[in-house]
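Colleague: got a sequence here, can you model it:
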Amino acid sequence: MKVEIWSDVMCPYCYLGKKQFEIALNQFEGKDDVSITWRSFELNPDIKYDENNDLYSYLSKMKGMNRSDIETSFNRLAEQGKTLNIDFQFAKAKVMNSRNAHKLIQFAKNQDLQTEVEEALFEAYFTYGKNVQDDQILEEIAKNVGLKFEKISEIIASAELDNLVIQDQYMAQQVGARGVPFFVFDQAYAVSGAQGAENFLHVLNTIAQKAKQ
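Modeller: Below you'll find the model as predicted:
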């Protein structure tokens, strides 16, 4: 079974969805036959890093909401995250561009380390408030997950990887992904959002049963 997941490392729901899906996958009898491909989706491709602009202020301005309402919403997400072993520290997260992070994820595909890179990026951003747009931070993550590479600057400057990010976002339009996370199973079944481990497990079992018919 092939599972494609469109995600952005700036998206807390994507982190929740990843953890939920992993719980479902571990309970799925056919988990060893499931291949996962992480697809790029930039929520705001034009945004630039701003160390003085935290997520609360950014979203408050973008959505036209009170900062206190944003904080309340994120506090609920943080509580949900705890049940999935996620330590959301939203107050530490700054506004930044995710293109470089997506390039690193694309690079990791040929070494079968996409999931590890995805997890490391989520944790770096949401738990430690690191600038995952920065070359040095990305190099640290790449080394920690065991990626083999020569220079991180070559990954960031790669036109080929840049094109792969763009292609994924074009594919997202083709499969109907208007937001993330967005899961596509065997290029036929789609699940939008962090739907919970039970729902993901139901989808996995349903697809597996239909494949046997």
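Colleague: buried stuff in the helix or strand bottoming out on mean pLDDT in the chain?
Modeller: Lowest mean confidence among the helices and strands of the chain (mean pLDDT, DSSP states H and E): strand 50-54, at a mean of 84. Applying a neighbour-count criterion of 16 or more other Cβ atoms under 10 Å, one finds D54 buried in strand 50-54. Placement of C-beta: from N, CA and C, glycine included.
Colleague: give the pairing partners of that strand; include direction for each.
Modeller: The pairing partners recorded for strand 50-54 under DSSP bridges are strand 94-95 (antiparallel).
Colleague: could you identify the helix or strand that succeeds the partner strand?
Modeller: For strand 94-95, the succeeding helix or strand toward the C-terminus, using DSSP states H and E, is helix 99-108.
Colleague: output the contacting helices and strands for that next one.
Modeller: strand 35-40, helix 114-126, helix 135-144, helix 152-157, helix 159-175 (3 or more Cβ pairs under 8 Å, 6 or more residues apart in numbering; DSSP states H and E).
Colleague: once you drop chain neighbours, what's closest to G129?
Modeller: K92 (2.7 Å; Cβ to Cβ, 6 or more residues apart in numbering).
Colleague: how much space separates that neighbour from Q209?
Modeller: 44 Å (Cβ to Cβ, to the nearest Å).
Colleague: does S158 touch K103 like I think?
Modeller: Yes. Counting by Cβ atoms under 8 Å, K103 is a contact partner of S158 at 6.4 Å.
Colleague: rewinding a little: now the residue nearest to G129: phi and psi?
Modeller: Backbone dihedrals for K92, given as degrees, to the nearest 10, come out at phi -90, psi -20.
Colleague: one step back: list the buried ones in the next helix or strand after the least confident helix or strand of the chain?
Modeller: Counting by DSSP H and E, the next helix or strand C-terminal to strand 50-54 is helix 55-63. For helix 55-63, burial by neighbour count (16+ other Cβ under 10 Å) applies to 55-56, 58-60.
Colleague: any chance of these in JSON lines, plus pLDDT and distance to I141?
Modeller: Formatted as JSON lines, these follow (pLDDT from 0 to 100; distance: Cβ to Cβ, whole Å):
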{"residue": "L55", "pLDDT": "89", "distance to I141": "20"}
{"residue": "Y56", "pLDDT": "90", "distance to I141": "25"}
{"residue": "Y58", "pLDDT": "88", "distance to I141": "23"}
{"residue": "L59", "pLDDT": "88", "distance to I141": "25"}
{"residue": "S60", "pLDDT": "89", "distance to I141": "29"}
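Colleague: ok, so of these, who is nearest Y125?
Modeller: Nearest to Y125 out of the buried residues of helix 55-63 is L55 (Cβ to Cβ; 10.0 Å).
Colleague: gap between the closest residue in space to the closest one that isn't next to it in sequence and K210?
Modeller: Take L55 and drop its neighbours on the chain: the residue closest to it by Cβ to Cβ, 6+ apart is A93, 4.8 Å away. Taking Cβ to Cβ as the measure, A93 falls 40 Å from K210.
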